[in-house]
Structures are given as structure tokens and as C-alpha cells.
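*Asks:* Give the three-dimensional model of this entry:
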Amino acid sequence: MARVCVVCNKGTRTGNAVSHSMRATKRTWRPNLQKIRVTDNNGATRRAYVCTRCLKSGKVTRAL
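*Replies:* The predicted model follows:
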């Protein structure tokens, strides 16, 4: 599975790195994903990638 947040589906974005002379080369922006232990709706524990924005806002419950 790709590095994508399981809560908000945030993943890698691509674009151009533009230099001072306006020369464009391809680059990527990767989200700040953390691999944490998560409890799902059934009460089971599993490891998943979650972005730090979802962790900070409390959209996911961490397993102990």
C-alpha cells in the first residue's frame, strides 16, 4: 500500500521546483505521516499511516 493517510486520504503531491531563473524541474511533496497503532470500530488494533493533522485534531483513536 502507498504512503497515504488512512483517515483523510492525504498522499504525495507532485509539481515543479522553480529556480530563480524560472527553470522548472519535477519534485514531490510528501505529507508528514506517522505509523501508529490504531483501534478501529471493531476494537481491533492495527498499524496504519496517519498524518499529523489528523492526529492533532483527534480524528483517530490511538491504541495503548
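*Asks:* per-residue pLDDT, the spatially closest residue to residue 61 that is not a sequence neighbour?
*Replies:* Spatially, and ignoring its direct neighbours in sequence, residue 61 is nearest to residue 39 (5.2 Å; C-beta to C-beta, 6 or more residues apart in numbering). Glycine gets a C-beta too; all of them are placed from N, C-alpha and C. We have a pLDDT of 94 for residue 39.
*Asks:* Would you confirm that residue 39 contacts residue 45?
*Replies:* Yes. Counting by C-beta atoms under 8 Å, residue 45 is a contact partner of residue 39 at 5.6 Å.
*Asks:* Which one's more surrounded, the two?
*Replies:* Taking other C-beta atoms under 10 Å, residue 39 and residue 45 do not tie; residue 39 has more neighbours (14 against 11).
*Asks:* Next one: that one from residue 53, what distance?
*Replies:* 19 Å (C-beta to C-beta, to the nearest Å).
*Asks:* Could you do residue 9 as well?
*Replies:* 12 Å.
*Asks:* surely residue 24 meets residue 14?
*Replies:* No. Contact criterion C-beta under 8 Å: residue 24 and residue 14 do not qualify, at 11.9 Å.
*Asks:* List the beta-bridge partners for residue 15.
*Replies:* Beta bridges link residue 15 to residue 27, judged by DSSP bridges.
*Asks:* one step back: shared neighbours of residue 39 and residue 45, anything?
*Replies:* residue 63 (C-beta atoms under 8 Å, 6 or more residues apart in numbering).
*Asks:* what's next to stretch 2-15, contact-wise?
*Replies:* With contact meaning C-beta under 8 Å, 6+ apart, stretch 2-15 is reached by 26-31, 33, 38, 48-51, 53-54, 59-60.
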